[in-house]
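>>> Need coordinates for the following:
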Amino acid sequence: MSEELLRKEIRVKELFKNGFIGNSVQFNELEVTTKDNSSFIKGVNFSNGNALHEFNSEICVSSDEHLIKLHFSLEGTYCYQPLRHIKYLVQIPENHCNMFYYPTTEGRDIFFKGNAKSFEIYVKPSLLKNLLGTEFEQSFQKLNNAIQNSNSFILWDKSKFIPPSIRSKINDIIQCPYEGEIRKTYLESKLTVLMIDFLLGRQTSKLSKNNVKLLNSDYLALVRVEDYIRKNLKEPLKIIDLADLAGFNATKLKRDFKKLYGVTVFKYITALRMEVAKSLITQEGATIAHAAYEVGYANPQHFTTAFKRTMGYVPSELKPAVQ
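Modelled structure (predicted):
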């Protein structure tokens, strides 16, 4: 089977049978594991989310109706290639996200070799119009035109990073603690907020207006830098070292990083450190000193000062939430 393309035929009525928000929204978790030179994917079969399928990194996808998909690459890199409009290659590296439109024609989900985790939301186009109201006509005219003409559509030419606030909302959905009707109510509220923040939130809107054109090689170099930052927050993270990693000079790194991520390298590093520290304190019960150390601060007082400047309150205010 590994020599043949795995096929995913999306039947919209079945997909949304137990959906959310007027049976027009459904989410799915995908997990790819690679061992013994074979790749296995979990979550590709909507009727049985626990099924594991062996595959060769590509999945042929078709749908019997038009769909909008929000895709978040939590780990690993993902691509989608529509077969009819090949110019709309959707490339979503780790910790990045994008939204695209599925006409009924076939396409391919592509996962690079290695482990990967993705969170995806499927939305009926009519729901998006109802959810956003007049804002849909004003902000998503190109998407509206694509829907009317059955053309492929991608929101961003270069996929954007997942802001920590959005990743937190995704985790709330994945880790939903409730069952029964309460679960449905909880998830509908979380999905509504996630979609609105993704489409219209301040961070997203700022990035959307900054739809810069970058060489793909430069884009991937910046993605490599962002990935290194995220995985090495305990390290000093000097501009000159990050520039060497990208193959840029310092000026180019600072300029292009701000174009792509909407903030300076320094502000991005600081904001990420504070979000990770907040998670360590609230989710894992870490002490302030330990959280400070884990995100690169040897002096807890310096960490507290930076935390208050970034978050607007001191980290000690988080402690009662874990008692």
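>>> mind checking how far stretch 266-282 is from the chain centre?
Averaged C-alpha coordinates place stretch 266-282 at 18 Å from its chain's average position (C-alpha atoms, centre = their mean, to the nearest Å).
>>> got the domain boundaries for this protein?
6-163, 216-322 (automatic domain parsing).
>>> Dump those into CSV; add mean neighbour count and distance to residue 181 as well.
C-beta: built from backbone N, CA, C; applies to glycine. As requested, the domains of the chain are arranged in CSV below (neighbours: other C-beta atoms under 10 Å; distance: least, C-beta to C-beta, whole Å):
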stretch, mean neighbour count, distance to residue 181
domain 6-163, 17, 12
domain 216-322, 16, 27
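>>> got TSV for those domains, with mean pLDDT and distance to residue 189 too?
Output for the domains of the chain, formatted as TSV (pLDDT from 0 to 100; distance: least, C-beta to C-beta, whole Å):
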stretch	mean pLDDT	distance to residue 189
domain 6-163	87	10
domain 216-322	91	20
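>>> Make a markdown table from those domains and add distance to residue 182 to it.
Output for the domains of the chain, formatted as a markdown table (distance: least, C-beta to C-beta, whole Å):
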| stretch | distance to residue 182 |
| --- | --- |
| domain 6-163 | 13 |
| domain 216-322 | 21 |
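>>> Could you give the secondary structure assignment for residue 308?
Assigned by DSSP: H, G, I helix; E, B strand; the rest coil, the conformation of residue 308 is helix.
>>> who touches it in this structure?
By C-beta atoms under 8 Å, 6 or more residues apart in numbering, the residues touching residue 308 are 314-315.
>>> and residue 169, which of the domains of the chain is closest to it?
domain 6-163 (9.7 Å; C-beta to C-beta).
>>> thinking in terms of the whole chain, how far from its middle is the closest one?
Centre-to-centre, domain 6-163 and its host chain are 12 Å apart (C-alpha atoms, centre = their mean).
>>> Do you know the pLDDT at the nearest residue to residue 20 once chain neighbours are set aside?
Nearest non-adjacent residue to residue 20, counting by C-beta to C-beta, 6 or more residues apart in numbering: residue 188, 4.8 Å away. pLDDT, residue 188: 96.
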